[in-house]
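> Predicted model, plus sequence, below.
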Amino acid sequence: MTSALTPAECLAMLEGYKDTPPDFLQRNGSWLLSVIAAISASVGAVLTYLLRSRCHRIKLGCLECDRTPVTLESTEITVQPP
């Protein structure tokens, strides 16, 4: 069973690490998280656009999709008052 370390023992263990420079994630963590979030949001916006599109053929860069969008007839729509 391990015992808890005292504050002096913790400081003694960290003495060897005080001169090491921070690694990539420690230096750029928040920037990297922001870039990943922006890319994810952009991909989500493009996918939402593609789902709502009425196009039969969608070509985006090297990706291509042939599909049949759902057709809505005016007889299938019912409007209910609030």
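Nice, I can see it. Residues are numbered from 1 along each chain as shown.

> For residue 30, give me the pLDDT.
pLDDT, residue 30: 92.

> neighbours of it, just the number please.
Look at residue 30: counted by other Cβ atoms under 10 Å, it has 8 neighbours. All C-beta atoms are positioned from the backbone trio N, CA, C, and that covers glycine.

> got the phi/psi numbers for it?
Dihedral pair for residue 30: phi -70, psi -40, per degrees, to the nearest 10.

> show me what contacts it?
Remark: with contacts taken as Cβ atoms under 8 Å, 6 or more residues apart in numbering, residue 30 is in contact with nothing.

> Help me confirm that residue 67 comes into contact with residue 53.
No. When contacts are counted by Cβ atoms under 8 Å, residue 67 is not listed as touching residue 53 (9.1 Å).

> Not counting its neighbours along the chain, what's nearest residue 68?
If you skip the residues right next to it in sequence, residue 68 has residue 56 as its closest partner in space, 6.9 Å away by Cβ to Cβ, 6 or more residues apart in numbering.

> Could I get the contacting residues of that neighbour?
Applying Cβ under 8 Å, 6+ apart, we find residue 56 in contact with 66-69.

> Out of those residues, which two sit at the greatest distance?
Spanning the widest gap among the contacts of residue 56 are 66 and 69, at 11.1 Å by Cβ to Cβ.

> Look at the most centrally placed residue in the chain and report its pLDDT.
Centroid check for the chain by Cα atoms, centre = their mean gives residue 40 as the closest residue, at 3.8 Å. Note on residue 40: pLDDT of 97.

> same thing with residue 78?
81.

> Lovely, talk soon.
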